[in-house]
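K.L.:
The sequence and its predicted three-dimensional model are supplied below.
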Amino acid sequence: LTSIYLTGTHAPFSRSTCRGSPKTKMSLTGTWRPLKTDAEGMKKFYELLDAPPAIVEGVAGFLQKIYYTTEDNGDSLTTTIHNLPDGDKVKTVKIGEEFEDQGRLGKVKAKLTREGNKIVSNETYANGKTSSTTRELNGDELTVTMTTGSHTVVNVYKKD
């Protein structure tokens, strides 16, 4: 899900892009596996959020092991994050409603919004740091762009 656990992992569960009419919403339903990941960019991202050293150092191996299964119901997203050290995690989030979760970086508040052909989440961590995650679907690829401060990192996932 976006970031909550997603915030801790920045899952690709919710950002869609349309082709064709702007009123057409493409579904993120499916299983998404890493295609192109930026381990160094992710390390810096977590450093800027003041993540514990173990998370910062472990992010490179983590990125290639986990994958996501998402069900996009239009008004809500349900994402399962697979291959986490403590087992799979399932989270359902309603679009447009703020929610709180416990992720790898502690408690996080986030809100997902559909903005045209994208789903954007804005996250606020317990330490006051903030980030945003934008997910965009292009065919069978999902581009996840995460920003904190002036640092941006991009990871791409491919649909099974």
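P.N.:
On my side now, so go ahead. Everything numeric in this text was worked out from a predicted model, so none of it was measured.
K.L.:
Tally up the residues packed near residue 144, please.
P.N.:
Residue 144: 25 surrounding residues under other CB atoms under 10 Å. Placement of C-beta: from N, CA and C, glycine included.
K.L.:
Which stretches in the chain count as helices?
P.N.:
Ranges of helices in the chain, per DSSP state H, are 4-9, 39-48, 53-65.
K.L.:
among the ones you listed, which is nearest residue 105?
P.N.:
helix 4-9 (5.2 Å; CB to CB).
K.L.:
isn't residue 158 right next to residue 37, touching?
P.N.:
No. Contact criterion CB atoms under 8 Å: residue 158 and residue 37 do not qualify, at 11.5 Å.
K.L.:
So between the two, which is more surrounded?
P.N.:
Under the neighbour definition other CB under 10 Å, residue 158 and residue 37 were set side by side, and residue 37 has more, 19 against 16.
K.L.:
what sits against the nearest residue to that one once chain neighbours are set aside?
P.N.:
Leaving aside its sequence neighbours, residue 37 sits nearest to residue 63 (CB to CB, 6 or more residues apart in numbering; 4.3 Å). Residues in contact with residue 63, defined by CB atoms under 8 Å, 6 or more residues apart in numbering, are 34, 37, 39, 42, 155.
K.L.:
where does the fourth one land on pLDDT?
P.N.:
The pLDDT attached to residue 42 in the predicted structure is 95.
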